[in-house]
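In: sequence first, then the predicted structure:
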Amino acid sequence: MLNTLIVGASGYAGVELATYLNRHPHMNITALAVSAQSPDAGKLLSDLHPQLKGVLDLPLQPLRAAQEYAGKVDVVFLATAHEVSHALAPAFLDAGCVVFDLSGAFRVNDADFYQQYYGFSHQHAAWLDKAVYGLAEWQHGAIKEAQLIAVPGCYPTASQLALKPLIEANLLNPAQWPVINATSGVSGAGRKAALNNSFCEVSLQPYGIFNHRHHPEIVAHLGVPVIFTPHLGNFARGILATITCRLNHDVSREDVAEAFHNAYHDKPLVRLYETGVPALKAVVGLPYCDIGFDVQGEHLIVVAAEDNLLKGAASQAVQCLNIRFGFPETQSLI
Ligand SMILES: NC(=O)C1=CN([C@@H]2O[C@H](COP(=O)(O)OP(=O)(O)OC[C@H]3O[C@@H](n4cnc5c(N)ncnc54)[C@H](OP(=O)(O)O)[C@@H]3O)[C@@H](O)[C@H]2O)C=CC1
Ligand SMILES: CC(=O)N[C@@H](CCC(=O)OP(=O)(O)O)C(=O)O
């Protein structure tokens, strides 16, 4: 059994992690933590998230110092804001824990990127260097060796799973950058109340045009330029990405299907559609990324759908845990 701590357990991603890890046969949840000043400290997780009543009635503990858990936990999940993960991860890593960070704090190995897109100066270049990007289907070997796994962002997971097979197979015409239009449910913004994610304010709108922090994350890991425009929709969860690309001359529909098949035929958490394209209802509440496409001449439209809190966050983190420790990849997920 591996002892684990979930930091940020009361949040939207944290409660999903707690649910998966609670039913994982090789994991023991040692503690659930929130901030030292949290108004929820001392409450049961199941008081805040009643779907866990009688299932997981552990209290939320205020996290005063990471060192309190040294020697007591083997694995730490950080489901915390980027700055919080940035501050906490090194202490857990120095104590020998394997850390799965759901934030953006260790995803891109470029210190300037953090100043520009996250508004803080990165202080842990050595850990940034060692961190492995946890895009599970593509990083199996590196994840197995890693002590710090930076779980990808929600939009970057859907976008990269859709585009990477096409890029690897050299099917895309570089003269036209892939155009990613993706819509997320409001849970993508976390559980804290804010005017811009309150019920009456949200309709359907693009945001972060040309400057969302997931754009450089996608480009850094795909290795090709893209146009990325996120949208906020008036539903709770799910991301649907519609991606328009230009194929190289003479690339057929069959070539596209073969590239996806080669990439994912043995990957249980990516589901390919032989015809049609996915809708959110196929993936909400589930740990899959579903991918479908259509071709007209040299034009290709790929659609990828996932639950932002699951394949876009918590289930991918647990998938990475399973890979890291040699458990079946879908253990506790399906
Ligand atoms: N929501 C999503 O779709 C996705 C989220 N992510 C990333 O996952 C992380 C968590 O996101 P999400 O669950 O949405 O966020 P939430 O705002 O819902 O939850 C944040 C959690 O962190 C806790 N917390 C805040 N400050 C501290 C602190 N100093 N020490 C310990 N715990 C703290 C909060 O509790 P309290 O404030 O009471 O202390 C809460 O439990 C973020 O980095 C986010 O970017 C990644 C992919 C998708
Ligand atoms: C709808 C919404 O607000 N989504 C968030 C992205 C989700 C998230 O938490 O960001 P990471 O994946 O980088 O951790 C946003 O656009 O900032």
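Out: Nice, I can see it. Numbers count the residues shown, from 1 in each chain. Ligands and ions are numbered 1, 2, ... in the order given.
In: max-length helix in this structure?
Out: When the chain is parsed with DSSP state H, its longest helix is helix 154-168.
In: for the residue located most distally from the centre of the chain, helix, strand, or coil?
Out: What lies farthest from the middle of the chain is Asp250; by CA atoms, centre = their mean that is 34.6 Å. Following DSSP: H, G, I helix; E, B strand; the rest coil, Asp250 is assigned to coil.
In: again, but for Asn308
Out: Put simply, Asn308 is coil when judged by three-state DSSP.
In: so Ala125 versus Ser10, what's the distance?
Out: Using CB to CB, to the nearest Å, one obtains 31 Å as the distance from Ala125 to Ser10. Glycine gets a C-beta too; all of them are placed from N, C-alpha and C.
In: if we can go back for a sec, output the contacting helices and strands for the longest helix of the chain.
Out: strand 179-184, helix 214-222, strand 227-233, strand 239-246, helix 253-264, strand 289-296, strand 299-306 (3 or more CB pairs under 8 Å, 6 or more residues apart in numbering; DSSP states H and E).
In: hmm, back to that, tell me the pLDDT at the residue farthest from the centre of the chain?
Out: pLDDT recorded at Asp250 is 95.
In: and the pLDDT for the nearest residue to His215 once chain neighbours are set aside?
Out: Nearest non-adjacent residue to His215, counting by CB to CB, 6 or more residues apart in numbering: Phe228, 4.5 Å away. pLDDT recorded at Phe228 is 98.
In: now Phe228, which residues is it bridged with?
Out: Beta-bridge partners for Phe228, by DSSP bridges, are Ile180.
In: now do Ala150
Out: Asp101, Tyr133.
In: quick check: residues of the chain near ligand 2?
Out: By the rule CB under 6 Å from any ligand atom, the part of the chain lying against ligand 2 is Ser103, Gly104, Gly153, Cys154, Ser184, Gly188, Ala189, Pro230, Leu232.
In: I'd like the helices and strands packed on helix 154-168 as JSON lines, with distance to ligand 1 and mean neighbour count appended.
Out: Converted to JSON lines, those look like this (distance: least, CB to the nearest ligand atom, whole Å; neighbours: other CB atoms under 10 Å):
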{"stretch": "strand 179-184", "distance to ligand 1": "7", "mean neighbour count": "21"}
{"stretch": "helix 214-222", "distance to ligand 1": "10", "mean neighbour count": "20"}
{"stretch": "strand 227-233", "distance to ligand 1": "12", "mean neighbour count": "19"}
{"stretch": "strand 239-246", "distance to ligand 1": "8", "mean neighbour count": "22"}
{"stretch": "helix 253-264", "distance to ligand 1": "21", "mean neighbour count": "16"}
{"stretch": "strand 289-296", "distance to ligand 1": "13", "mean neighbour count": "20"}
{"stretch": "strand 299-306", "distance to ligand 1": "10", "mean neighbour count": "23"}
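In: which residue does this protein bring closest to ligand 1?
Out: Gly11 (1.9 Å; CB to the nearest ligand atom).
In: helices and strands of the protein: which one bottoms out on pLDDT?
Out: helix 111-118 (a mean of 93; mean pLDDT, DSSP states H and E).
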